[in-house]
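**Student:** Have a look; sequence and predicted model below, questions after that.
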Amino acid sequence: MDSIQSYQENNMVTQSPGNLTVMLVTTFITIAVVVLGTASLGLADHGPQDTPTQDTPTQDQPAQDQPAQDQLTQDTPASFMDRDTLTDNWFGLGKHLEQTGISVSLGLTQIYQQNLEGGNVTNRAGQRAGVHRHRGRYTGSFDLEGEIDFTKLLNWPGASIYLHAEGGWSEGLDVSSIGSIFGVNADAIGAGNNPDQAINLSELYFEQSLFGDRLIIRMGKLDMTGGFECSGCPVAFDGNAYANDETAQFLNGALVNNPTIPFPDYSLGAVVYAEPFDGVYVAAGVADAQGDGRETGFNTAFHGTDYYIALFETGLAPVLAMPWGDLQGTYRVGMWYDPQPKERFSRGSIKRDDAGFYLSFDQQLWKENQSDDQGLGLFARYGWADREVNEIGCFWSLGGQYQGLIPTRDDDVLGAGFAQGIISDYVRDETSASYEAVFEVDYNAQITGWLNTLGAVRSQPGRRQRPRRDRDRSAPADVVLTRKNCPVESLSNINSDDS
């Protein structure tokens, strides 16, 4: 393993992405401001001439007055509590940007987690030697997203550019209190010696849509864990309608993505997505397996020895017609290939060309009405990987959510999920455990159109310990979470969690 790491480190060119990230984000905002200014001048120049004198309201023309009244109603800002975002789409300026093909949003997520018992702390006095006694952690992240629609801006059908920059603070509870393989906070952006990230350019890609969105091509710096939709359901790769968003659904990493899939960090790559028939899709993608989300990606994608992970997924998104409503479901099956050299746990030799497969299902079971998504839905995942070179060789999860369970609280969501990963036989001597498991229950309450708060209680009942005298791996942990999300423009969620 040391030889592999040494080889990879010697073939990497060190670079600091900070200046480039700031430059790209600044450039994007500058373009938005220029276009907004141009649009505003255009409206000012042409507004009065386009107003017909015969439309002057009179008592004899009530029917002609109605369109103007409807337009006035549409342009009236929403109340502070009812608006979808905190600033009401940048105080109304965002609407002018969107007309020219540019959209910008900002989201904020704040999380507090408290370890009640177990993990790296055996009792409330925290008396295990060498254990960090600070068992509660406050973390957070922000996401700045922008999109340029070339269909509106340049009359280039189906072409667009997407940008996603993010930052955050604190690495969460895992290192200090939990020691989980899954990760108890999938939103925590800090890691190791860099617990705080001012801003990173996580995604920047070009997209071309063809044949009425039947074929979509993306290339650039990508997040391979999702981003496509089939019949309105998240797919490609390892998507799930009820367990795929750490800012609004489950927070534990095992209930966000399948841990047997070696997803790379944000890195350079390309994906082709095709939907030949309604509700049927296929997707294939490649990405730099050595990518670092804090960097541009060129130093790892195009250096001496390059490795690219490949993913393939196909699936169905059928709608079941039932007496109580049309029920949407999605059934995905995928496989992955990783050519990186990996050290075998059993004898220390090197294995290349690792591969595995996964399943991800979700299905609505009950709808209260056809006008919204209130009702019950279930999900399940499964994954397999070679236990000789992967710490988790087999994984499964299941759970569900109910939206609108409490009368008059139509947008609130109650969720519950369970996940278990079987730890490789070859590393159990080190971990003293045969599996890791997590059970999480959360309630996402919609406070306003732009603010929701989520409270959760999570228990990690695994790891099942084997009788060993030198056993010192993490004990089962119970965590409490409080999380808040607030879309600014979009400020996003405020989340709280007890793990």
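**Tutor:** Great, that's in hand. Residues are numbered from 1 along each chain as shown.

**Student:** show me where pLDDT drops low in the protein?
**Tutor:** With pLDDT under 70 as the threshold, the chain has low-confidence stretches at 1-77, 119-135, 175-177, 190-196, 428-432, 460-484, 486-499.

**Student:** can you rerun that using 80?
**Tutor:** 1-78, 116-136, 171-179, 189-198, 301, 303-305, 427-433, 458-499 (pLDDT under 80).

**Student:** what residue lies at the spatial centre of it?
**Tutor:** residue 245 (4.7 Å; C-alpha atoms, centre = their mean).

**Student:** Look up how far residue 415 lies from the residue lying closest to that one once chain neighbours are set aside.
**Tutor:** Counting by C-beta to C-beta, 6 or more residues apart in numbering, residue 245 lies nearest to residue 256, which is 7.3 Å off, once chain neighbours are set aside. (Each C-beta comes from the backbone N, C-alpha and C, glycine too.) For residue 256, the distance to residue 415 equals 12 Å [C-beta to C-beta, to the nearest Å].

**Student:** between the two, what contacts are shared?
**Tutor:** 249, 250 (C-beta atoms under 8 Å, 6 or more residues apart in numbering).

**Student:** picking up where we left off before, just say helix, strand or coil for the residue nearest to the centre of the chain.
**Tutor:** With DSSP: H, G, I helix; E, B strand; the rest coil as the basis, residue 245 sits in coil.

**Student:** Can you report phi and psi for it?
**Tutor:** phi -130, psi 110 (degrees, to the nearest 10).

**Student:** That one and residue 220: what is the separation?
**Tutor:** Distance from residue 245 to residue 220, by C-beta to C-beta: 22 Å.

**Student:** buried set for the helix or strand hosting residue 414?
**Tutor:** Using DSSP states H and E, residue 414 sits within strand 413-423. Buried residues in strand 413-423, counted by 16 or more other C-beta atoms under 10 Å: 413, 414, 415, 416, 417, 418, 419, 420, 421, 422, 423.

**Student:** OK, contacts around the last one?
**Tutor:** Listed by C-beta under 8 Å, 6+ apart, the contact set of residue 423 reads 181, 391, 392, 393, 431, 433, 434, 435, 436, 463.

**Student:** what's the closest of the residues you listed to residue 159?
**Tutor:** Using C-beta to C-beta, residue 392 comes nearest to residue 159 of the contacts of residue 423, at 39.8 Å.

**Student:** re the thing from before, take the contacts of residue 423 and write them to TSV, including secondary structure, neighbour count and distance to residue 83.
**Tutor:** As requested, those are exported to TSV (DSSP: H, G, I helix; E, B strand; the rest coil; neighbours: other C-beta atoms under 10 Å; distance: C-beta to C-beta, whole Å):
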residue	secondary structure	neighbour count	distance to residue 83
181	coil	21	41
391	coil	18	46
392	strand	23	43
393	strand	21	48
431	helix	20	49
433	strand	18	48
434	coil	15	51
435	strand	18	46
436	strand	27	42
463	coil	24	46
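
**Student:** how about those residues, which pair is most distant?
**Tutor:** Checking the contacts of residue 423 with C-beta to C-beta, the most distant pair is 393 and 463, at 15.0 Å.

**Student:** Help me confirm that residue 292 comes into contact with residue 301.
**Tutor:** No: with contact defined as C-beta atoms under 8 Å, residue 292 does not reach residue 301; the gap is 10.6 Å.

**Student:** Can you pull the residues that touch both of the two?
**Tutor:** residue 267.

**Student:** The host helix or strand of residue 330 pairs with which strands?
**Tutor:** Element membership for residue 330 (DSSP H and E) is strand 325-338. The pairing partners recorded for strand 325-338 under DSSP bridges are strand 308-316 (antiparallel), strand 319-322 (antiparallel), strand 354-367 (antiparallel).

**Student:** export these to a markdown table and tack on distance to residue 151?
**Tutor:** Shown next, in a markdown table, are these (distance: least, C-beta to C-beta, whole Å):
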| stretch | distance to residue 151 |
| --- | --- |
| strand 308-316 | 27 |
| strand 319-322 | 29 |
| strand 354-367 | 31 |
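
**Student:** Including distance to residue 453 and mean neighbour count, could the ones you listed go into a markdown table?
**Tutor:** Compiled in a markdown table, these are given as follows (distance: least, C-beta to C-beta, whole Å; neighbours: other C-beta atoms under 10 Å):
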| stretch | distance to residue 453 | mean neighbour count |
| --- | --- | --- |
| strand 308-316 | 33 | 20 |
| strand 319-322 | 32 | 12 |
| strand 354-367 | 24 | 19 |
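
**Student:** Relative to residue 342, which of those is closest?
**Tutor:** Using C-beta to C-beta, the nearest of the strands paired with strand 325-338 to residue 342 is strand 354-367, at 5.9 Å.

**Student:** Residue 213: which of the buried residues of strand 413-423 is nearest?
**Tutor:** residue 413 (28.2 Å).

**Student:** Wait, the closest one touches residue 401, no?
**Tutor:** Yes: using C-beta under 8 Å, residue 413 is in contact with residue 401, at 5.4 Å.

**Student:** shared neighbours, these two?
**Tutor:** residue 249.

**Student:** just so I have it, where are all the helices in the stretch 51-200 of the chain?
**Tutor:** Under the criterion DSSP state H, counting those that start in this stretch, the stretch 51-200 of the chain carries helices at the ranges 62-75, 88-91, 93-100, 150-153.

**Student:** List the buried residues in the third one.
**Tutor:** Buried residues in helix 93-100, defined by neighbour count with 16+ other C-beta under 10 Å: 93, 94, 96, 97, 100.

**Student:** Quick one: list the elements packing against that helix.
**Tutor:** With contacts taken as 3 or more C-beta pairs under 8 Å, 6 or more residues apart in numbering; DSSP states H and E, helix 93-100 sits against helix 18-46, strand 102-119, helix 150-153.

**Student:** try the last one
**Tutor:** Secondary structure elements in contact with helix 150-153, counted by 3+ C-beta pairs under 8 Å, 6+ apart, are helix 93-100, strand 159-169.

**Student:** circling back to that earlier point, could the C-alpha coordinates of the strand holding residue 414 be exported in PDB?
**Tutor:** This file holds the C-alpha atoms of strand 413-423, laid out as PDB (Å, rounded to 0.1, in the frame of the first residue of the first chain):
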ATOM      1  CA  VAL A 413     -41.700  14.500   5.600                       C
ATOM      2  CA  LEU A 414     -41.200  11.600   8.100                       C
ATOM      3  CA  GLY A 415     -38.400   9.200   7.000                       C
ATOM      4  CA  ALA A 416     -36.900   6.000   8.400                       C
ATOM      5  CA  GLY A 417     -34.000   4.000   7.000                       C
ATOM      6  CA  PHE A 418     -31.700   1.100   8.000                       C
ATOM      7  CA  ALA A 419     -28.400   0.100   6.300                       C
ATOM      8  CA  GLN A 420     -25.900  -2.600   6.900                       C
ATOM      9  CA  GLY A 421     -22.400  -3.200   5.500                       C
ATOM     10  CA  ILE A 422     -20.600  -6.500   5.800                       C
ATOM     11  CA  ILE A 423     -16.900  -5.900   6.600                       C
END
